[in-house]
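1. Sequence first, predicted coordinates after that:
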Amino acid sequence: ALRERERFHRATIKDFGERSLERLAAIAVVRSGFDAADLKRFADPASSLELGLPAPDRVIDAVASLPWWKDGRWEAAKPDIVAAALVFEVFKQRADVAPEWLWAAIVGKESDVVERLGRVAHDIRTIYDDEGASFVQWLVKMIDEHPERASALDALVSVDHFPYILLPMAVQTHEVL
């Protein structure tokens, strides 16, 4: 994961912040990849993501030459265990913004992302032990700081076979509702 972060850092291109590419890669892991519309949303200057991306009207052209952008998509890193470590290493560098990055990764995929979130959280906890609990706490904070998000997450946290590791997120959602 650290080697991948360094690879992203070396690939940084004009108009991108120093850690922008690794942040995009981490969001792609949580979201199972993203497309051009998502990328434009991430680049919106009105968002609170602080990703360091060029303006939405230039961001697609800027990433088009990168090896991670293929056929109009940025796919999630593989294998999953390395991808989860990448997410944690990137997010913990900006724990203050991590809940917003998680929300950006979830929005629009609420019905599809629960299994992926559970796997990522499990892998992070396996690798980082107690320190890895921060990932789930960022999910809780994502709701705590923006209670209006709870209604969008209700269906996500109410599914059968909800991942046990994500229960604090479900509890927070239901408490807010």
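-> Nice, I can see it. Note that the coordinates shown come from a computational prediction; the quantities given were computed from them, not determined experimentally.
2. CA-only coordinates of the one helix or strand in the chain whose mean pLDDT sits lowest, as CSV, when you get a sec.
-> Sorting the helices and strands of the chain by mean pLDDT, DSSP states H and E puts helix 2-10 at the bottom, at a mean of 81. Coordinates of each C-alpha in helix 2-10 appear next as CSV, following Å, rounded to 0.1, in the frame of the first residue of the first chain:
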residue,chain,number,x,y,z
LEU,A,2,2.8,2.4,0.8
ARG,A,3,4.5,1.5,-2.5
GLU,A,4,1.2,2.3,-4.3
ARG,A,5,1.0,5.6,-2.5
GLU,A,6,4.5,6.5,-3.7
ARG,A,7,3.5,5.5,-7.2
PHE,A,8,0.6,7.9,-7.1
HIS,A,9,2.8,10.6,-5.7
ARG,A,10,5.3,10.2,-8.5
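3. Which secondary structure elements does that helix sit against?
-> helix 20-31, helix 80-93 (3 or more C-beta pairs under 8 Å, 6 or more residues apart in numbering; DSSP states H and E). Just so you know, the C-beta spots here come from the backbone N, C-alpha and C atoms, and that holds for glycine as well.
4. relative to helix 20-31, how tilted is the longest one?
-> By that I understand helix 80-93. Orientation check (axes from the mean of the first three to the mean of the last three C-alpha atoms, to 10 degrees): helix 80-93 against helix 20-31 gives 120 degrees.
5. if you go through this structure in chain order, where are the helices?
-> Here the chain has its helices, by DSSP state H, at 2-10, 20-31, 36-43, 56-63, 80-93, 98-106, 114-128, 133-144, 150-157, 167-176.
6. what's the closest non-adjacent residue to the spatially most central residue of the chain?
-> What sits nearest the mean C-alpha location of the chain, by C-alpha atoms, centre = their mean, is residue 27, with 3.0 Å. Nearest residue to residue 27, sequence neighbours excluded (C-beta to C-beta, 6 or more residues apart in numbering): residue 105, at 4.8 Å.
7. could you list every residue that touches that neighbour?
-> Contacts for residue 105 (C-beta atoms under 8 Å, 6 or more residues apart in numbering) come out as 27, 30, 31, 113.
8. Flag whichever of those scores worst on pLDDT.
-> Comparing pLDDT over the contacts of residue 105, the lowest score belongs to residue 113 (88).
9. That one touches residue 107, doesn't it?
-> No: Residue 113 is not in contact with residue 107 according to C-beta atoms under 8 Å; the separation is 9.4 Å.
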